[in-house]
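Participant: Model the following, please.
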Amino acid sequence: MVTAANFSRPPRLPLPIEEETHLPGSPILSAQNYSSPIDHDEVEGNLPRHASMLSTTTADDEDLGDEFKPATGRPTVPTLIEWEGDGERVYATGTFAGWNRKYRLHRNGPSKKKDALSAYIHITPGTHHLAFLVDNDMRTSDKLPTAVDYTNILVNYIEVSYDDIPQPATDAAGQSEKQHPDSDKPVEDRAKSAGAHPPQGMPHAPELATLKAPLPEPAPPKVPEPTKRYHQNIPRYLLDLDAPEESSRFRRANETTNNLPTPPTLPGFLGKSILNGTTPHKDDSSVLIMPNHTVLNHLATSSIKDNILATSATTRYKQKFLTTIMYKPKEEDPNRH
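Facilitator: Residues are numbered from 1 along each chain as shown. Next up, the predicted model:
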């Protein structure tokens with residue numbers, strides 16, 4: 001398992017992975033649907049769990065296929081995966097394989113780099129986490145960008161664009177056949193299909209006057225948009241949300257908020273509060289678990305309950321973490337009517 005002491009540089013913020021769900025207590029394994037058929041000749045068996053990180057398969061590595069195609073029905077892009085470090089047996093795995101299958105990289109693969117192990121893997125477009133199993137040791141590549149996943153594990157990541165999806169060659173051929181349906185017929189058959197009439201002289205066509213193209217209409221002038229500026233004036237309906245629920249001001253403000261767009265969702269790593277987690281010492285509730293570095297210096301607030309608002313922040317000094325919580329009663333402004 002990769003530990004924080006082995007990091008060669010500070011890890012980056014985690015990246016959101018599309019359609020990825022995580023199992024509780026698992027650093028890299030996700031929920032996987034095993035109903036789809038998998039060709040066992042192309043992909044080696046299940047990856048080791050994070051408890052041992054050692055391969056448990058007994059299949060011959062040389063019998064693996066040269067391509068891995070996920071049976072998702074979505075378009076895929078042949079992506080070149082390279083490993084330029086040391087190692088004899090190198091496999092690649094990641095979110096594109098559900099973290100439970102690995103793919104063999106070959107010394108004589110498609111890469112043009114010297115002493116690089118590589119292979120083409122069919123990956124769906126999007127951002128994917130990636131890791132390498134080098135001689136039964138899970139490692140990251142220094143040649144690829146790194147990130148920290150939602151369980152604080154350092155991994156590589158790659159971005160596959162939708163523009164790289166290969167276009168099927170049958171589309172262009174089908175359009176050509178529709179435009180020229182008689183191209184495969186003999187010349188005589190095509191002449192007969194045009195009609196058996198002898199050639200006739202065409203009547204003399206009168207000269208046509210040259211028509212001038214109409215001038216394009218001028219585009220309407222663009223109305224300059226008013227200059228936007230920042231201010232500190234809080235909208236009145238937001239202030240009315242603090243009014244009693246029985247008042248008309250609160251009901252009017254609540255109806256206004258229903259028409260507002262949905263705010264952006266909170267990043268996943270900020271939703272894991274250490275205050276609501278299990279403590280390592282049952283007898284001492286003041287000792288909390290070590291927080292993720294991504295939640296440091298963030299102000300967290302709770303919902304107003306019993307007219308009390310709680311705010312907290314976590315800071316770090318050297319190897320120690322300190323979480324400060326402040327409670328404030330909600331006071332009604334007597335000057336408001």
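Participant: mind listing the helices for the stretch 151-300 of the chain?
Facilitator: 169-179, 187-193, 236-240, 248-257 (DSSP state H, counting those that start in this stretch).
Participant: Just after the last one, pick out the following helix or strand.
Facilitator: Translated: helix 248-257. Downstream of helix 248-257, the next assigned helix or strand under DSSP states H and E is strand 300-301.
Participant: what's that following strand packed up against?
Facilitator: Contacts defined by 3 or more Cβ pairs under 8 Å, 6 or more residues apart in numbering; DSSP states H and E place strand 300-301 against strand 308-317. Placement of C-beta: from N, CA and C, glycine included.
Participant: Pull the residues that contact the strand it packs on.
Facilitator: Contact with strand 308-317 is made by 274-275, 291, 293, 295-302, 321-330, as judged by Cβ atoms under 8 Å, 6 or more residues apart in numbering.
Participant: ok, now with 10 Å
Facilitator: Identification of contacts with strand 308-317 by Cβ atoms under 10 Å, 6 or more residues apart in numbering yields 273-275, 288, 290-293, 295-304, 321-330.
Participant: cool, stretch 229-248 as well?
Facilitator: Against stretch 229-248 from outside (Cβ under 10 Å, 6+ apart): 249-257, 260, 304, 330-333, 336.
Participant: Any buried residues in that stretch, and which?
Facilitator: By 16 or more other Cβ atoms under 10 Å, the buried positions in stretch 229-248 come out as Tyr237, Asp240, Ala243.
Participant: among the helices of the stretch 151-300 of the chain, which gets the worst mean confidence?
Facilitator: Across the helices of the stretch 151-300 of the chain, helix 187-193 has the smallest mean pLDDT, namely a mean of 50.
Participant: Show me which positions of stretch 137-145 end up buried.
Facilitator: By neighbour count on 16+ other Cβ under 10 Å, the buried set for stretch 137-145 is Met138, Arg139, Thr140, Ser141, Leu144.
Participant: no, scratch that, I was asking about stretch 316-326
Facilitator: When burial is assessed from 16+ other Cβ under 10 Å, stretch 316-326 yields the following buried residues: Phe321, Thr323.
Participant: go on, stretch 87-105?
Facilitator: Neighbour-count burial for stretch 87-105 [16+ other Cβ under 10 Å]: 87, 90-105.
Participant: Low-confidence ranges, the stretch 101-250 of the chain, go.
Facilitator: Scanning the stretch 101-250 of the chain for pLDDT under 70 picks out the ranges 169-212.
Participant: Quick check, pLDDT for Asp283.
Facilitator: Note for Asp283: predicted pLDDT of 68.
Participant: Can you report how many residues lie near Gly85?
Facilitator: Gly85 is flanked by 15 other residues according to other Cβ atoms under 10 Å.
Participant: One more: Ile304?
Facilitator: The tally of other residues near Ile304 (other Cβ under 10 Å) stands at 13.
Participant: That one - nearest residue in space that isn't next to it in sequence?
Facilitator: Lys330 (5.8 Å; Cβ to Cβ, 6 or more residues apart in numbering).
Participant: from the contacts of stretch 229-248, which would you call buried?
Facilitator: Arg249, Phe250, Ala253.
Participant: Outline the domain layout of the protein.
Facilitator: According to automatic domain parsing, the chain comprises the domains 1-168, 234-260, 271-337.
Participant: roughly how far apart are the closest residue to Asn254 other than its chain neighbours and Ser302?
Facilitator: Nearest-residue entry for Asn254: Leu241, 7.2 Å, with adjacent residues in sequence omitted and distances by Cβ to Cβ, 6+ apart. Distance, Leu241 to Ser302, by Cβ to Cβ, to the nearest Å: 16 Å.
Participant: again with Pro235
Facilitator: Separation of Pro235 from Ser302 (Cβ to Cβ): 23 Å.
Participant: same check, this time on Leu133
Facilitator: Using Cβ to Cβ, Leu133 is found at 43 Å from Ser302.
Participant: So for the two, which sits in the more crowded spot?
Facilitator: Leu133 (23 against 14).
Participant: Surely the more buried one is within a helix?
Facilitator: No. Counting by DSSP: H, G, I helix; E, B strand; the rest coil, Leu133 is not part of a helix but strand.
Participant: Enumerate the beta-bridge partners assigned to it.
Facilitator: Tyr91, Met138 (DSSP bridges).
Participant: Could you double-check that it lies in contact with Tyr91?
Facilitator: Yes. The pair formed by Leu133 and Tyr91 meets the contact definition of Cβ atoms under 10 Å, at 4.2 Å.
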